[in-house]
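Novice: structure for this input, please:
(chains A and B)
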Number of protein chains: 2
Amino acid sequence: MSVLIKDGWIVTQNSKREILRGDVFIEDGRIVEIGKIRTEADFVLNAKDKIVMPGLINAHTHVGMSDLRGLADDVPLDDFLQRMWKLEENRGREEIYQGAKLGIEEMLLTGTTSFVDMYYYEDAVAKASKELGIRAYLGWAVVDEELTTQEGSPLQNAENFIREYRGEELIVPLIAPHAVYSCSEETLLKAKDIAERYRTIITMHIAETRREVYDHRKKYGMRPVEWLEKIDFLNEKLLGVHLVWLTLHEVKILASHGVKASHNPTSNMKLGNGGSMPLVEMLQNDVTITLGTDSTVSNNNLDMFEVMKIAAILHKNERWDPSVTTAQMILDFATINAAKAIGLNAGSIEEGKLADIIVVNPRPNGLPLRKDTIVSNIVYALNGLNVEHTIVNGRLVASEGKIVKD
Amino acid sequence: MSVLIKDGWIVTQNSKREILRGDVFIEDGRIVEIGKIRTEADFVLNAKDKIVMPGLINAHTHVGMSDLRGLADDVPLDDFLQRMWKLEENRGREEIYQGAKLGIEEMLLTGTTSFVDMYYYEDAVAKASKELGIRAYLGWAVVDEELTTQEGSPLQNAENFIREYRGEELIVPLIAPHAVYSCSEETLLKAKDIAERYRTIITMHIAETRREVYDHRKKYGMRPVEWLEKIDFLNEKLLGVHLVWLTLHEVKILASHGVKASHNPTSNMKLGNGGSMPLVEMLQNDVTITLGTDSTVSNNNLDMFEVMKIAAILHKNERWDPSVTTAQMILDFATINAAKAIGLNAGSIEEGKLADIIVVNPRPNGLPLRKDTIVSNIVYALNGLNVEHTIVNGRLVASEGKIVKD
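Specialist: So this is what the prediction gives:
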């Protein structure tokens, strides 16, 4: 199966961050050639006056909750959490499958080609992912056994899930310990052991709220990241999520262990977390930054274009300096950096890379189209509904507002 | 000419903020009936599974600059201003007309039915507005004569413009003194006099940056709002824009004179203004709040849905409290409040109101559609490209991604 994308503005995200005009040829799921292409293809997409760019990578969500959109807004965080627990109490595989379908459709239609998920019953999310053709990094959520109504042991469920789904082409199973306040040292180290045995990444909420930090200090006498270092939990396979309430010392700890960061500014702002992830300090310490939407309950959509813009402007405002973020930096977070963080051979349009590509129509909100402002338009002007075609692993999975069925 | 919108979820924004299911009948530019309607119409729009709501009101932009999108990002404010002045130096009526066309198309396609503009050569913006059919509140920008390369006196130009365009059905001409640092006391009072003689509103940038406040104190010994009160400039016809760096005392001054506020959070954040408009204090003092995009150079789009979301989450984050803004409050800012601020008989779907209405398709990012979360979805989940039809003054002006030509 071959696809030819004709005559677009190609935002390559290659090492030179080149913007090219021309065609992209895809065969058997990979990008084979970029330039002026004469080869015939099974399928041709006309990208004249459109942007061809790497699919966006959503580095944190809970997609099985997508049908709960809007059910816990505008209330203090404790009320939010209580409402969520109540809503989630009676949800089984069928509800999570339906929620995941809704959320994955939204992601594909708004330009996300890969996502990192954290939830229970990830087998239901895997089913929806396979049906819709998205690339899915599915983290089975782990909490201490006494905190969950899940059948069986969360650690055992996670391991079973990884064993069952590893080797799938588009599903990457992994383990997702929930947070320091819901996982004991023993649970965390067992989760790390599972990740090591199956060579998966780990993802975990860390330092999302002041309360988490305060409670942790009270219980353990140190801040979450300090404690995670002490118990030997930190390594380069960990994708930490939120990382809002950190000291500079903790940033340096994360950096020294090669921990990756998933920044979720929209969710943090909407929940009134108060702080912001110390982006500038993380960049100064070479932490790899990615972006995530979080769930539709705390965001309330899964639009990575919107997250890019909010990430950019939040830090400009926090630092009273518009130069602390640039459009190119932010686009990197959502593409090439995220691919690096999750070990995916994608995130740029280069020969040999997996063909996770979107075609974006800039009308009317991303015009004029100019080489020197195209990245600015992507980050500051467009949104997910500008996406016209979504290709995952060389296959057209969404087109002109509709999911493409096999 | 009559239009029937059939079978929608009607977000009325009436005094009870009712959400109704049913039809809206429009005749000769007005909303005539809401409910189950059997009357035949010249034109029928099917709104099944869609949201029918008041068109959004953009309470601040400079639409003639829309083609300059992305040309001054990610640089400190002084560099930004210098770059803008350079870009604007040689722009005449033709460039402004072309810029306005691009921006007005974007507004109509993303659900804005009225806008308040500030720029020079507003006659060129009026031409574009009339051609495209938007409701336009056009403020001719006034600065001290020695600061401008405009032909003639800015005050005289503004007065001529108002005289020429008053009485037009969809164009409301007004006067727009630029700021305290570009207008002397004499200029401001003459502008106020023109507004009083022609009974127009006035709009003006106020307290956008710390530097403005600092410089003003140095020059006049008082803060901008204190000084504007002293020179007797403040009244209920003034729509102040930005209002970021205010003391509580200044909020109370604005409230006591009935000044209206145009909040432009995206622009303020992107320019790194640092502060945020003191929304909570303004609400406590009953200031009427509206929302604006600002220009495509500082935003960089004209999507009022996006501004609603950013306004909501900015203040939650600033105050560490998600309950300080609610979706309903924010939707009010962009509809019924804005209509009140500019003296427009619109902003809600009620019998007798002007028919400025949009039909919004919630797929995929605004689902599920439920009565208790529909306002949340509008503010937190949707964006301007969800808008499917835009009606201004009873006429369909944009539909399914395209401007409707006469």
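Novice: next helix or strand past the helix or strand bottoming out on mean pLDDT in chain A?
Specialist: The least trusted helix or strand in chain A, going by mean pLDDT, DSSP states H and E, turns out to be helix A:77-89, with a mean of 85. Once helix A:77-89 ends, the next helix or strand along the chain (criterion: DSSP states H and E) is helix A:93-109.
Novice: is chain B contacted by that following helix?
Specialist: Yes. Using Cβ under 8 Å from any Cβ of the partner chain, we find that helix A:93-109 touches chain B at A:L102, A:E105, A:E106, A:L109. C-beta coordinates here come from the backbone N, C-alpha and C atoms, glycine included.
Novice: same thing with stretch A:329-339?
Specialist: No. Using Cβ under 8 Å from any Cβ, stretch A:329-339 stays clear of chain B, coming no nearer than 8.8 Å.
Novice: ok, and what's touching the helix or strand harbouring A:H205?
Specialist: In this assignment (DSSP H and E), A:H205 forms part of strand A:202-206. Residues outside strand A:202-206 that contact it (Cβ atoms under 8 Å, 6 or more residues apart in numbering or on different chains): A:60, A:116, A:118, A:139, A:174-180, A:183, A:191-192, A:195, A:224-225, A:228, A:237-243, A:262.
Novice: for it, list the C-alpha coordinates in PDB.
Specialist: The C-alpha trace of strand A:202-206 is given here as PDB (Å, rounded to 0.1, in the frame of the first residue of the first chain):
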ATOM      1  CA  ILE A 202       6.500   4.000  32.800                       C
ATOM      2  CA  THR A 203       4.300   7.000  33.100                       C
ATOM      3  CA  MET A 204       3.100   8.600  36.400                       C
ATOM      4  CA  HIS A 205       1.500  11.800  37.800                       C
ATOM      5  CA  ILE A 206       4.100  13.600  39.800                       C
END
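Novice: who in the stretch 151-300 of chain A is up against chain B?
Specialist: Taking Cβ under 8 Å from any Cβ as the criterion, the neighbours of chain B within the stretch 151-300 of chain A are A:T266, A:N268, A:M269, A:K270, A:L271, A:G272, A:N273, A:G274, A:S276, A:T296, A:N299, A:N300.
Novice: can you rerun that using 6 Å?
Specialist: Within the stretch 151-300 of chain A, the positions near chain B by Cβ under 6 Å from any Cβ of the partner chain are A:M269, A:K270, A:L271, A:G272, A:G274, A:N300.
Novice: let's have the residues you listed in a markdown table, adding pLDDT.
Specialist: Formatted as a markdown table, those follow (pLDDT from 0 to 100):
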| residue | pLDDT |
| --- | --- |
| A:M269 | 98 |
| A:K270 | 97 |
| A:L271 | 96 |
| A:G272 | 94 |
| A:G274 | 85 |
| A:N300 | 97 |
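Novice: can you pull the contacts of A:T373?
Specialist: Listed by Cβ atoms under 6 Å, 6 or more residues apart in numbering or on different chains, the contact set of A:T373 reads B:G70.
Novice: what helix or strand is A:S262 on?
Specialist: Going by DSSP H and E, A:S262 is part of strand A:260-263.
Novice: neighbouring contacts of that strand?
Specialist: Strand A:260-263 is contacted by residues A:59-60, A:239-241, A:243, A:277, A:287-292, A:341 when judged by Cβ under 6 Å, 6+ apart.
Novice: try it again at 8 Å.
Specialist: By Cβ under 8 Å, 6+ apart, the surrounding residues in contact with strand A:260-263 are A:59-60, A:116, A:203, A:236, A:238-243, A:254, A:277, A:279, A:282, A:287-292, A:311, A:333, A:341.
Novice: run the chain-centre distance for that strand.
Specialist: 9 Å (Cα atoms, centre = their mean, to the nearest Å).
Novice: next: stretch A:12-20.
Specialist: Computed by Cα atoms, centre = their mean, the chain-centroid distance of stretch A:12-20 equals 22 Å.
Novice: among the contacts of strand A:202-206, which ones are in helices?
Specialist: Taking DSSP state H as the definition of helices, those contribute A:A191, A:K192, A:A195, A:P224, A:V225, A:L228.
Novice: ok, now which ones touch the fourth one?
Specialist: It stands for A:P224. Contacts of A:P224 (Cβ under 8 Å, 6+ apart): A:V180, A:I206, A:A207, A:E212, A:V213, A:H216, A:E250.
Novice: picking up where we left off before, for PyMOL, what selects the buried ones among the contacts of strand A:202-206?
Specialist: To isolate the buried subset of the contacts of strand A:202-206 in PyMOL, counting by 16 or more other Cβ atoms under 10 Å in any protein chain shown, use the following:
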select buried, chain A and resi 60+116+118+139+174+175+176+177+178+179+180+183+191+192+195+224+225+228+237+238+239+240+241+242+243+262
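Novice: who are the contact partners of the closest residue to A:E250 other than its chain neighbours?
Specialist: Nearest non-adjacent residue to A:E250, counting by Cβ to Cβ, 6 or more residues apart in numbering or on different chains: A:V225, 3.8 Å away. By Cβ under 8 Å, 6+ apart, A:V225 lies in contact with A:I206, A:A207, A:L234, A:L246, A:E250, A:I253, A:L254.
Novice: can you check A:G92 too?
Specialist: The contact partners of A:G92, by Cβ under 8 Å, 6+ apart, come to A:Y121.
Novice: now do the same end-to-end measure for stretch A:346-358.
Specialist: Length of stretch A:346-358, first residue to last, Cα to Cα, to the nearest Å: 12 Å.
Novice: on that earlier part again, now the strand holding A:H205: average pLDDT?
Specialist: Averaging pLDDT along strand A:202-206 gives 98.
Novice: following it, which helix or strand shows up next?
Specialist: Helices and strands here follow DSSP H and E; after strand A:202-206, the next one along the chain is helix A:210-220.
Novice: same for that next one, what does it pack against?
Specialist: In terms of contacts (3 or more Cβ pairs under 8 Å, 6 or more residues apart in numbering or on different chains; DSSP states H and E), helix A:210-220 is packed against helix A:224-230.
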